[in-house]
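**Student:** Output the structure for:
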Amino acid sequence: MSSQYMFFMMSALCCGLLLSSGAMAQSAPTKCGPDHAILYKKAVKVLDSAEKKLADNYTAEAKAQVKEANSLFSILVKECGPLQKERALTEAEMAQEKANNKKKDEYYKKGLALEKSAAENLQKGQQAEAKGQDDLAARHFRQAKAENEQAHAAFIQAEIYALKNQEMIFRFLANQ
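**Tutor:** Model (predicted):
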């Protein structure tokens, strides 16, 4: 009986040590190092590629690349955010951040306006179709589709400008 008790206590002690060491490892602050510099460079490369894809009207590919860049920058924010907060932005960086935010807002508002116009054209197309005016309905439907695509591109462009701020903020990683 005592050997079973001793085995039980040793097992409990080992489990306790494993759990506590895992908790200590999770609470230890992550140091921003060379791996993060690699992530930063990859995020910048993907973001640049997304911008080129969008300019060439490959919207779906641009969206996927923006999503990937966002994911990479999110990792950097999570793991290198405390280190970045210690570093103050220069006046030029603050001006660039303000310009990027302005462009982001402009593209976002443009996207909203285009979405609204597309919805109106869709409604007009449905009304024309109900009246038997097929040519007019087709014209409204084409216009709605074009405006939806333009709105989608504008929203992606807004995301690109938001990520350009992340690129600028974490630029210090490129030197590591």
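**Student:** can you pull the pLDDT of residue 146?
**Tutor:** Looking at residue 146, its pLDDT is 96.
**Student:** typed the wrong thing, it's residue 90
**Tutor:** 87.
**Student:** And it, how far from residue 36?
**Tutor:** Distance check for residue 90 against residue 36: by CB to CB, to the nearest Å, it reads 21 Å. Placement of C-beta: from N, CA and C, glycine included.
**Student:** next one: residue 96
**Tutor:** 22 Å.
**Student:** Over to residue 165?
**Tutor:** Where residue 36 is concerned, residue 165 sits at a distance of 18 Å (CB to CB).
**Student:** ok, back up a step: between residue 90 and residue 36, which one's more packed in?
**Tutor:** A count of neighbours by other CB atoms under 10 Å puts residue 36 above the other of residue 90 and residue 36, at 19 against 9.
**Student:** Okay, and that one sits in which element?
**Tutor:** For residue 36, the host element (DSSP states H and E) is helix 34-55.
**Student:** Mean confidence (pLDDT) on that helix, please.
**Tutor:** Mean predicted lDDT for helix 34-55 stands at 94.
**Student:** Quick check: next helix or strand after that helix?
**Tutor:** helix 59-86.
**Student:** quick one: least confident helix or strand in the chain?
**Tutor:** Least confident helix or strand of the chain, by mean pLDDT, DSSP states H and E, is helix 2-27 with a mean of 42.
**Student:** Give the buried residues for the helix or strand hosting residue 168.
**Tutor:** Per DSSP H and E: residue 168 is located in helix 134-169. Using 16 or more other CB atoms under 10 Å as the test for burial, helix 134-169 gives 137, 140-141, 143-144, 147-148, 150-169.
**Student:** tilt between it and helix 34-55?
**Tutor:** Angle, helix 134-169 to helix 34-55, by axes from the mean of the first three to the mean of the last three CA atoms, to 10 degrees: 150 degrees.
**Student:** ok and helix 134-169 relative to helix 59-86, angle-wise?
**Tutor:** Using the same axes, to 10 degrees: helix 134-169 against helix 59-86 is 30 degrees.
**Student:** Against which helices or strands is helix 134-169 packed?
**Tutor:** The helices and strands touching helix 134-169, judged by 3 or more CB pairs under 8 Å, 6 or more residues apart in numbering; DSSP states H and E, are helix 34-55, helix 59-86, helix 91-130.
**Student:** wait, what's in contact with the most centrally placed residue in the chain?
**Tutor:** Note on the chain: the residue nearest the mean C-alpha position is residue 70, at 2.8 Å, using CA atoms, centre = their mean. Neighbouring residues of residue 70 by CB atoms under 8 Å, 6 or more residues apart in numbering: 159, 163.
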